[in-house]
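Student: here is my input; please provide its structure:
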Amino acid sequence: MRQKPALRRHRRTKIVATLGPASSTPEVIEALFQAGADVFRLNFSHGTHEDHLARLNTIRGIEKRAGRPIGVLVDVQGPKLRVGTFGGGRVQLQTGQSFRLDLSPVPGDRTRVSLPHPEIIGSAGIGSTLLIDDGKVRLRVTRARADHLETEVVVGGAVSDRKGVNVPDVTLPIPALTEKDKRDLAFALDNGVEYVGLSFVQKPEDVAEARKIIGDRAWIMSKLEKPGALDALDEIVALSDCVMVARGDLGVELPPEAVPLAQKRIVKACRRAGKPVVVATQMLESMISAPTPTRAEASDVATAVFDGADAVMLSAESAAGSFPREAVAMMDRIVSRVEADPTWREIVEATRNPPEHSTADAITAAARQVASTIRAEAIATFTMSGSTALRMARERPDAPILGLTPRMTTARRLAVTWGVHPVVTADVHSMTETVSKSLRIASQEGFLKQGDEIVVIAGVPFGESGTTNALRVAVMP
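Tutor: Numbering: from 1, shown residues only. Predicted coordinates:
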């Protein structure tokens, strides 16, 4: 039995905070949690396994003291495509000039450089675009051969050693998980993380391949950062447990005016499927070096909330910035203010998806309607795998959702889900026990007082996943 109530957030949209050099001490991680972080992201593109394990252990200690399940997202690096080196360390490319990309390891000059990725050379064709250094330099392929590409410099600029390469209009025959990723993944799974951020997802097969390794040991959070992934969006969402709108690389490979439309499309697809979706990258970018965001950044966060994202994420702002706690607190303030506005609720009501043709969807849709009609203070869902709470969150009810589960793993996974307040509790064996426990926990967690009503949904027979088929209304005595 729980000894004290968990810390309660008074908002539906969750906050993901990335940990890094500016937020690696127990004191700062605790401050980020208190300021509003629901999920912590460990970026395996940087740091050692020992660094990440120390942060994970700190998070678990905070979780135990606070009595609130905390999700941990491990973001594996994925393939990194880079040019080779130059004889002088860098060159200046002029718009209109020719430039060769080849497989030779010889240091480059202003006429050529090594591109040690035969997959790109073998896949690109005449007219293909290559972007170097996050799109600062743009090349167009004019001639493709087995061992090199001849290109024209469309947008010139400086290129230095090992700058990144993006190929936005080509699906590359490269697996989403590198050998480094597989080592990082084994380490993360052995230490019990909740979500794996899968980078470089181009097609549904990338998610299916990762599932063979991960199984059900963690939720797969597919990072949509390649334009090609949008061509198979619904299939990728269906195979994923949750999704991230990774606007960093997506913003490099898509024109700027296309990124907001892609974001809305991805969020809509995830909401339709009932899969949690995180909007990420550059949300409060100026807070890396300033204590307050720009008005445009505040509007960006608000737009994600209005779109119905399950969570919004901080990257460098909390990992490497000068004001990590202030960034989390600011995001908490923006989200809370938006959700307090009547327009937000109107948009939520107008964009709700119709229930699917299943008993579980019928019950959750009815629970939302009943809770709205009687103005219930909460909806309690008993769930083993998390599926009942996810289906309830898909309905976007006005009442907060209590995600009651006997599994700590499930409770931690639900930390990223819209509107869900996860609580670990002993299993139940009857509907009478379910209702009684729901009332007790809802009161203990600060949702109910005497005379308040609660809607309870569960599955019979108890202890089986995916059997949501029962609904009750109860009054706090």
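Student: surely residue 251 and residue 263 touch.
Tutor: No. Using Cβ atoms under 8 Å, residue 251 is not in contact with residue 263, being 9.9 Å away. Just so you know, the C-beta spots here come from the backbone N, C-alpha and C atoms, and that holds for glycine as well.
Student: more neighbours, the two?
Tutor: Between residue 251 and residue 263, residue 263 has the larger neighbour count (other Cβ atoms under 10 Å), namely 22 against 19.
Student: surely that one is within a strand?
Tutor: No. Counting by DSSP: H, G, I helix; E, B strand; the rest coil, residue 263 is located in no strand; its state is helix.
Student: what pairs with the residue nearest to it when sequence neighbours are not counted across the strands?
Tutor: In space, residue 263 comes closest to residue 245 once its chain neighbours are excluded; the distance is 5.1 Å by Cβ to Cβ, 6 or more residues apart in numbering. As for beta bridges, residue 245 partners with residue 224, residue 279 under DSSP bridges.
Student: was I right to think residue 245 contacts residue 276?
Tutor: No. Contact criterion Cβ under 8 Å: residue 245 and residue 276 do not qualify, at 11.7 Å.
Student: identify the residues contacting the host helix or strand of residue 363?
Tutor: Following DSSP states H and E, one finds residue 363 within helix 359-374. Contact with helix 359-374 is made by 355, 376, 379, 387-388, 391-392, 394-399, 453, 455, 457, 466, 468-471, 473, as judged by Cβ atoms under 8 Å, 6 or more residues apart in numbering.
Student: ok, residue 245 and residue 276, which is more surrounded?
Tutor: A side-by-side neighbour count of residue 245 and residue 276, using other Cβ under 10 Å, places residue 276 first with 30 against 26.
Student: I'd like the distance between the residue nearest to residue 263 and residue 228.
Tutor: Between residue 245 and residue 228 the computed distance is 15 Å (Cβ to Cβ, to the nearest Å).
Student: and for residue 10?
Tutor: 40 Å.
Student: for residue 419, same thing?
Tutor: 32 Å.
Student: with residue 265 instead?
Tutor: Counting by Cβ to Cβ - residue 265 and residue 228 are separated by 14 Å.
Student: what of residue 12?
Tutor: Distance from residue 12 to residue 228, by Cβ to Cβ: 32 Å.
Student: those two - which one has more neighbours?
Tutor: residue 12 (24 against 16).
Student: what packs against the helix or strand just after the helix holding residue 363?
Tutor: Per DSSP H and E, the first helix or strand lying C-terminal to helix 359-374 is strand 378-382. Counting contacts by 3 or more Cβ pairs under 8 Å, 6 or more residues apart in numbering; DSSP states H and E, strand 378-382 is packed against helix 359-374, helix 387-394, strand 401-405, helix 431-444, strand 453-459.
Student: relative orientation of strand 378-382 and helix 387-394 in degrees?
Tutor: Angle, strand 378-382 to helix 387-394, by axes from the mean of the first three to the mean of the last three Cα atoms, to 10 degrees: 150 degrees.
Student: where are the low-confidence patches of the stretch 351-477 of the chain?
Tutor: Along the stretch 351-477 of the chain, the parts satisfying pLDDT under 70 run over 463-466.
Student: 90 - rerun?
Tutor: Counting by pLDDT under 90, the stretch 351-477 of the chain contains low-confidence ranges at 427-430, 458-469.
Student: pLDDT score for residue 2?
Tutor: pLDDT for residue 2: 45.
Student: which residues sit against the longest helix seen in the chain?
Tutor: Taking DSSP state H as the criterion, the chain has its longest helix at helix 49-66. When contacts are defined by Cβ under 8 Å, 6+ apart, helix 49-66 is touched by residues 6-7, 19, 24, 26, 29-30, 33, 40, 42, 44, 69-70, 72, 74, 184, 187-188, 191, 193.
Student: stretch 267-280 now?
Tutor: In contact with stretch 267-280 (Cβ under 8 Å, 6+ apart) are residues 16, 221, 233-234, 237-238, 240-248, 263, 266, 304, 307-313, 315, 351, 353, 390-391, 393-394, 416-418.
Student: if we go to 6 Å?
Tutor: 16, 233-234, 237, 242-246, 304, 307-313, 353, 390-391, 394, 416-417 (Cβ atoms under 6 Å, 6 or more residues apart in numbering).
Student: filter the residues you listed down to the buried ones, PyMOL style.
Tutor: What follows is the PyMOL syntax for the buried subset of the contacts of stretch 267-280, where burial is set by 16 or more other Cβ atoms under 10 Å:
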select buried, resi 16+233+237+242+243+244+245+246+304+307+308+309+310+311+312+313+353+390+391+394+416+417
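Student: just the ones of the contacts of stretch 267-280 in strands?
Tutor: Among these, DSSP state E puts 16, 242, 243, 244, 245, 246, 311, 312, 313 in strands.
Student: pLDDT added to those residues, as CSV?
Tutor: Shown next, in CSV, are these (pLDDT from 0 to 100):
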residue, pLDDT
16, 98
242, 98
243, 98
244, 98
245, 97
246, 95
311, 98
312, 98
313, 98
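Student: break the chain into its domains for me.
Tutor: According to automatic domain parsing, the chain comprises the domains 14-78+176-339, 90-166, 359-475.
Student: which stretch among the ones you listed comes nearest residue 346?
Tutor: Nearest of the domains of the chain to residue 346, taken as Cβ to Cβ: domain 14-78+176-339 at 10.1 Å.
Student: check which residues of stretch 152-163 are buried.
Tutor: Per 16+ other Cβ under 10 Å, stretch 152-163 contains these buried residues: 153, 156, 157, 159, 163.
Student: over to stretch 378-394?
Tutor: For stretch 378-394, by 16+ other Cβ under 10 Å, it's 378-394.
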